[in-house]
Each structure stands twice: as C-alpha cells, then as structure tokens.
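S.K.: give the three-dimensional model of this entry:
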Amino acid sequence: MGDPWLRVNFVSTVDGAATGSDGLSKSINDDADARVFDALRARAHCLVVGAGTLRDEEYDVPRVPVVVVSRSADVPPNLREAPSGRVLMATVETSDGLSEARSALGEENVLVLGREEIDFVELKQQLAARGWTEQLCEGGPSLFADLLAAGVVDELCWTVVPRLIGGDGPRIATGAEVDVALRPALLLEQDGTLLGRWLVG
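M.R.: Predicted structure coming up:
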C-alpha cells in the first residue's frame, strides 16, 4: 500500500464561478468535464465530500465509499439507506448530531477527528489505513479551502469551461485564507474547455 494521495476535482467558468446561477456545479459542466469526472471516480478508492455539497448536488450512493465531512454530523437523507460501510461520517466530538449519525451509519463508520475542528491530516491517514489511498474530494469550496489550509491536498484537477456567469457565486476555494503554490502537470483543450492537472508544492 502506497502513501495516501488526495486529489481534488473542480469545474469553474472563465470568470471563476464554481456554480451556475442555480448554485449547482452540474449546471456549468460539459462533456469534456464529465469524462474527467468519470475517469477520476473510476480510479478513486473513496470520495471525500462536504455534507452541503452532497445535499445540494443530490448525490446518489456512488460506486465507491463516500466520506461525508460535517462538523454537525448531518447525514444527507439520500444517503441514510446506503449499505453498511458505503457512507462514512467525518465529524467532531462536540457535534449535536453525533449520536444520530452513529445510529444511521454504524459507530464504526463515524470518524471523530477532533473536539471542535476536524483534523484533516488524521482523516487522510485513517482513510489510508482502510486501504483507501486514492482519495478524491469533489468539494465544496469551503471544504477545499480547509483541506488546503491543513496541507493535505496533493493534486487539483480543474476544468475551466468557456462561459462567463457573473454574479456573486463561489470560487472553487472559499472560507479559509490560503496561499498555496501549484505546479502544472498537464493542460489539455477540447472545444474551448481547458482541462488542467496541477500538483501542490
């Protein structure tokens, strides 16, 4: 088993919007981005996704285990009936929803990673200990910023679609202030869509 590798996947418009006017990322993606999305999921051992993104984007239970990141331990309703072990919760000791999450998912599937703030370094290591070294984060923007601040992101796969949205929509990283250097590893173009792979550090 190799070292854990945390890959983050995002799409945005040319003017930096991470969602369309409806607040959803799926309203701005295109065929090229969908192919990247499918390819990254195919190689992932697990998904790491914020609870808000799971609810907003109406996730179904994916092929691989999904780790819900939520300080409130809020299990999205559409994932409550998932087979045991397919949905995990990463949360904190002080969460009001801790007991309910353990009841819904099973105690062994609820990872308590700190008292008031989630320890993302520990999360990455605990997932690797389960054999999930290929870790894929699909957002949202505040979770991405938190992961960057914790220094656990290894790679960003970023699609830029040839559209302008305007408005006050979120960027791909919001919340925690970070300043992280990236190294370009790959840049492709298809029908005006730019498909980039960036390494951290």
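
S.K.: tell me what residue 111 is bridged to.
M.R.: Beta-bridge partners for residue 111, by DSSP bridges, are residue 90.

S.K.: any figure for the gap between it and residue 17?
M.R.: 32 Å (Cβ to Cβ, to the nearest Å). All C-beta atoms are positioned from the backbone trio N, CA, C, and that covers glycine.

S.K.: which one of those two has more residues nearby?
M.R.: Higher neighbour count among residue 111 and residue 17: residue 17, with 23 against 19, using other Cβ atoms under 10 Å.

S.K.: so where do the helices sit in the chain?
M.R.: Taking DSSP state H as the criterion, the chain carries its helices at 31-43, 51-56, 98-105, 120-129, 141-150.

S.K.: quick one: closest of those helices to residue 67.
M.R.: The closest of the helices of the chain to residue 67 is helix 120-129. By Cβ to Cβ, the value is 6.7 Å.

S.K.: buried stuff in the closest one?
M.R.: The neighbour-count check on helix 120-129 (16 or more other Cβ atoms under 10 Å) flags 120, 122, 123, 124, 126, 127, 128 as buried.

S.K.: gap between the lowest-mean-pLDDT helix or strand in the chain and the chain center?
M.R.: Scoring the helices and strands of the chain by mean pLDDT, DSSP states H and E places helix 51-56 at the bottom, with a mean of 92. Helix 51-56 has its C-alpha centroid displaced from the chain centroid by 10 Å (Cα atoms, centre = their mean, to the nearest Å).

S.K.: pull out the buried residues from that helix.
M.R.: For helix 51-56, using 16+ other Cβ under 10 Å, the buried residues are 51, 52, 53, 54, 56.

S.K.: what helices or strands is that helix leaning on?
M.R.: Under the contact criterion of 3 or more Cβ pairs under 8 Å, 6 or more residues apart in numbering; DSSP states H and E, helix 51-56 touches strand 66-69.

S.K.: partner strands of the strand it packs on, with direction?
M.R.: Using DSSP bridges, the strands paired with strand 66-69 are strand 46-50 (parallel), strand 87-91 (parallel).

S.K.: what's the closest of the ones you listed to residue 165?
M.R.: Smallest distance to residue 165 across the strands paired with strand 66-69 (Cβ to Cβ): 21.1 Å, for strand 46-50.

S.K.: what is the orientation angle of that closest one with helix 120-129?
M.R.: Between strand 46-50 and helix 120-129, the angle comes out at 150 degrees (axes from the mean of the first three to the mean of the last three Cα atoms, to 10 degrees).

S.K.: contacts for strand 46-50?
M.R.: 6, 41, 59, 62, 64-70, 88, 90, 123, 127, 130, 132, 134-140, 142-143 (Cβ atoms under 8 Å, 6 or more residues apart in numbering).

S.K.: averaged pLDDT, it. What do you get?
M.R.: Averaged over strand 46-50, pLDDT sits at 98.

S.K.: if anything else comes up later, I'll come back, but that's it for now.
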